[in-house]
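Trainee: sequence isn't available, so here's the structure alone:
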């Protein structure tokens, strides 16, 4: 075992011969020290474990009425159906922008999801990676790819359509409409 980064790092030698075990221990020490010098992540955890911790954190936020329960439900659905089967066993330190792009391609190819839905998946990935960083498994989050969305604003009512809407509402209602917006503004 080796104490690195405020934690013990243990590795079995799988050897019965003392000389082989000593050689393995020296290689293990060199690998850990090299990783430390190169600023590589020493403590690795899986995406699934960090997702589980994220869900626990969000449940606590829901319990304190800081988040809506629907948000928790939607995140859990995305994790269970798509994200965990794809990323679940991968170490969070191994998740790259390229791997996230592969995930988006996989979703687009198999299910033809809208850009808005793909962005919601990216938000959940970002939340899990932020949780991993918060727990010390990542020093930084990889750049998250962006999905281009076509801007499709709702059209405005024309003056004639607005007049028709007000007259219909008056006819269906119990009387004239009292509104903050004055009709003379049209």
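Mentor: That came in fine, so what should we check first? Worth saying up front: this structure is predicted, and the values here are computed from it rather than measured. Numbering: from 1, shown residues only.
Trainee: now do the strands in the protein.
Mentor: Using DSSP state E, the strands assigned to the chain run over residues 2-4, 7-9.
Trainee: strand partners of the last one, parallel vs antiparallel please.
Mentor: So that's strand 7-9. strand 2-4 (antiparallel) (DSSP bridges).
Trainee: chain center to the partner strand: distance?
Mentor: With CA atoms, centre = their mean, to the nearest Å as the basis, strand 2-4 stands 31 Å off its chain's centre.
Trainee: start the count at 17 instead of 1 going forward.
Mentor: In the new count, where the first residue is 17, that last one comes out as strand 18-20.
Trainee: quick revisit: tell me which of the strands of the chain approaches residue 94 most closely.
Mentor: Nearest to residue 94, of all the strands of the chain, is strand 23-25, at 31.0 Å by CB to CB. For the C-beta atoms, the positions are set from N, CA and C on the backbone; glycine is no exception.
Trainee: chain center to that closest one: distance?
Mentor: Chain-centre distance of strand 23-25: 28 Å, with CA atoms, centre = their mean.
Trainee: before we move on, back to that, what's the closest of the strands of the chain to residue 123?
Mentor: Nearest of the strands of the chain (CB to CB): strand 23-25, 35.5 Å.
Trainee: the strands of the chain into JSON lines, with extra columns for mean neighbour count?
Mentor: Below are the strands of the chain laid out as JSON lines (neighbours: other CB atoms under 10 Å):
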{"stretch": "strand 18-20", "mean neighbour count": "13"}
{"stretch": "strand 23-25", "mean neighbour count": "12"}
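Trainee: take these and lay them out in CSV including mean pLDDT and distance to residue 118.
Mentor: Converted to CSV, the strands of the chain look like this (pLDDT from 0 to 100; distance: least, CB to CB, whole Å):
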stretch, mean pLDDT, distance to residue 118
strand 18-20, 78, 31
strand 23-25, 78, 30
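Trainee: can you check which of these gets nearest to residue 39?
Mentor: strand 18-20 (15.4 Å).
Trainee: JSON lines for the strands of the chain, including distance to residue 79?
Mentor: What follows is the strands of the chain, written out as JSON lines (distance: least, CB to CB, whole Å):
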{"stretch": "strand 18-20", "distance to residue 79": "36"}
{"stretch": "strand 23-25", "distance to residue 79": "30"}
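Trainee: out of the ones you listed, flag the one nearest residue 134.
Mentor: strand 23-25 (36.3 Å).
Trainee: where does this protein dip in pLDDT?
Mentor: Low-confidence segments of the chain (pLDDT under 70): 21, 50-60, 190-202.
Trainee: which residues in it form helices?
Mentor: With DSSP state H, the ranges of helices along the chain come out as 34-53, 63-79, 85-94, 100-103, 113-127, 131-150, 175-188.
Trainee: same list (those helices) but as TSV, adding mean neighbour count and distance to residue 27.
Mentor: Listed next are those as TSV, based on neighbours: other CB atoms under 10 Å; distance: least, CB to CB, whole Å:
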stretch	mean neighbour count	distance to residue 27
helix 34-53	12	5
helix 63-79	17	19
helix 85-94	14	35
helix 100-103	17	25
helix 113-127	13	26
helix 131-150	18	22
helix 175-188	11	72
